[in-house]
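Q: Curious how this folds, go ahead:
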Amino acid sequence: MRPDPEPFEIIFAGRPVPVLPGQTVGAALHASGIRSWRTTRENGRPRGLFCGIGVCFDCLVTVNGDPSRRACLIEARPGDVVTTQEGGGHDA
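A: Predicted structure coming up:
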């Protein structure tokens, strides 16, 4: 019998966020009370999880320097560095 994987942390906006193995970046952020991590290009409106299935693109983040990743689809990995995103892919 294999032991359950241990929880780990990712870094978001310079602070640690706890993650359960198998969680997406979006799920981990949401579970930590972080509801918004991107702003829209036009009016700077806050965005976070909306559809949760990768259709709407509201949850875009930059992960380890790679912009425009859908937080609801990308599985969090130990040590990931996640930053907010402004509009279509520029770190905020």
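Q: Next up, the contacts around residue 51.
A: 58, 72 (CB atoms under 8 Å, 6 or more residues apart in numbering). For glycine as for every other residue, the C-beta is placed from the backbone atoms N, C-alpha and C.
Q: cool, residue 70 as well?
A: Here residue 70 is in contact with 26, 54, 57, 59-60 (CB under 8 Å, 6+ apart).
Q: Residue 57 versus that one, what's the distance?
A: Residue 70 is 7 Å from residue 57, where distance means CB to CB, to the nearest Å.
Q: For residue 84, state which of the contacts of residue 70 is nearest.
A: Closest approach to residue 84 among those (CB to CB): residue 60, at 9.4 Å.
Q: What number of residues are in the vicinity of that closest one?
A: For residue 60, the neighbour count with other CB atoms under 10 Å is 22.
Q: got the contact list for it?
A: 38, 47, 67-71, 85, 89.
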